[in-house]
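# got a predicted structure plus its sequence, pasted below:
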Amino acid sequence: AEKLAMQSEKLAMVGELSAGIVHEIKNPLTSIKGFLQLMKAGAIDMKDYVPILSAEVERMEAMTMNMLSFAKPQEDIKKRCITKILDDVILLMEVHANKKNVQIICNYSGKEYFVWGNESQLKQVFMNLVKNAIEASQKCSSVYVKVEEEQFHYSIKVIDEGNGIPKDKLSQIGQSFYTTKDKGTGLGLMVSYRIIDHHQGDIRVDSELGKGTTFIVRLPKCQTSTDCKEEKSDITRKKDR
Ligand code: ADP
Ligand code: MG
């Protein structure tokens, strides 16, 4: 029964997401189609419009990626090195950061901390958070990625010195398709909150307008491989019932 309930909750979420995505994809598709027609007619110079078109295609790609990583069954739960995942994410985000001269600084170099989870989903979450942090940052500022060890959890903090989130908007973070960006989807955080929820963790956000924002992701610790196996078989047993 628990398994069914989880599945139907997921299906409902996927339905809600797809409806939003279909709506969101319509606009870039219409504009791409329009530009293509103008190009065919020779009315515009193609190279002037390549950046706009690429941005639109990238936005659609981001939406479908977020959607896919959520819809995929979460069976691949294993012991994962969260510090390695964070390093991979930071490497992927480097180009993005360099464009704004934003430095990404971490506090865990050389350390190996383990959680249990799905690698591509965890990557997705931290990619969304680091990308948002860079996007919120002023030129030449810093984004910090810190891991703090607690008794049963790791707290992973993504900290920026950017524009912050207004107090009255904080409750909308991670809900619905809230976005303040021209080319935003409002999907990144919604999917991230869901993924962390499915990992028995939580996300909190601390923000001050004009000062910056801190996203704190808490994930259950996995100290030894036996811990993980027990943890995993516990879940499997629950699901199998
Ligand atoms: P998107 O980035 O496509 O807008 P997200 O779900 O990733 O969608 O983020 C939703 C909104 O939350 C953003 O548009 C922005 O207004 C706000 N937000 C998220 N992260 C930050 C941050 N680090 N600083 C300021 N605002 C943020
Ligand atoms: Mg985003």
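Ah, there it is. Residues are numbered from 1 along each chain as shown. Ligands and ions are numbered 1, 2, ... in the order given.

# spell out which parts of this structure neighbour ligand 1.
Taking Cβ under 6 Å from any ligand atom, the part of the chain that reaches ligand 1 is made up of 128, 132-133, 136, 160, 162-165, 173, 178-181, 184-190, 213. From N, CA and C alone the C-beta is placed, and that goes for glycine too.

# now, which of these lie within strands?
Helix and strand membership here follows DSSP state E; of these, those in strands are Asp160, Thr213.

# would you mind checking the residues of the chain next to ligand 1 for buried ones?
Listed as buried from the residues of the chain next to ligand 1 are 128, 132-133, 136, 160, 162-165, 173, 178, 184-190, 213; burial here means 16 or more other Cβ atoms under 10 Å.

# and those residues, which of them are in helices?
Secondary structure defined by DSSP state H assigns Asn128, Asn132, Ala133, Ala136, Gly188, Leu189, Met190 of those to helices.

# what's the closest non-adjacent residue to whichever residue of the chain sits closest to ligand 2?
Checking the chain residue by residue against ligand 2 with Cβ to the ion singles out Gly188 as nearest, at 3.4 Å. Nearest residue to Gly188 in three dimensions, chain neighbours excluded: Asn128, at 3.8 Å (Cβ to Cβ, 6 or more residues apart in numbering).

# quick one: low-confidence parts of this structure?
Judged by pLDDT under 70, the chain has its weakly predicted residues at 3, 5-14, 16-17, 19-20, 23-24, 27, 66-75, 223-241.

# doesn't Trp116 lie inside a helix?
No. Assignment of Trp116 by DSSP: H, G, I helix; E, B strand; the rest coil gives strand, placing it outside any helix.

# quick check, it in contact with Arg80.
Yes. With contact taken as Cβ atoms under 8 Å, Trp116 and Arg80 are classed as touching, separated by 6.7 Å.

# pull the contacting residues for the residue of the chain closest to ligand 2.
Ala62, Asn66, Asn128, Lys131, Asn132 (Cβ atoms under 8 Å, 6 or more residues apart in numbering).

# what does Phe152 give?
For Phe152, the contact set (Cβ under 8 Å, 6+ apart) comprises Pro220, Lys221.

# pull up the gap between it and Asn118, please.
Phe152 sits 20 Å away from Asn118, going by Cβ to Cβ, to the nearest Å.

# same thing with Thr64?
Taking Cβ to Cβ as the criterion, Thr64 is separated from Asn118 by 18 Å.
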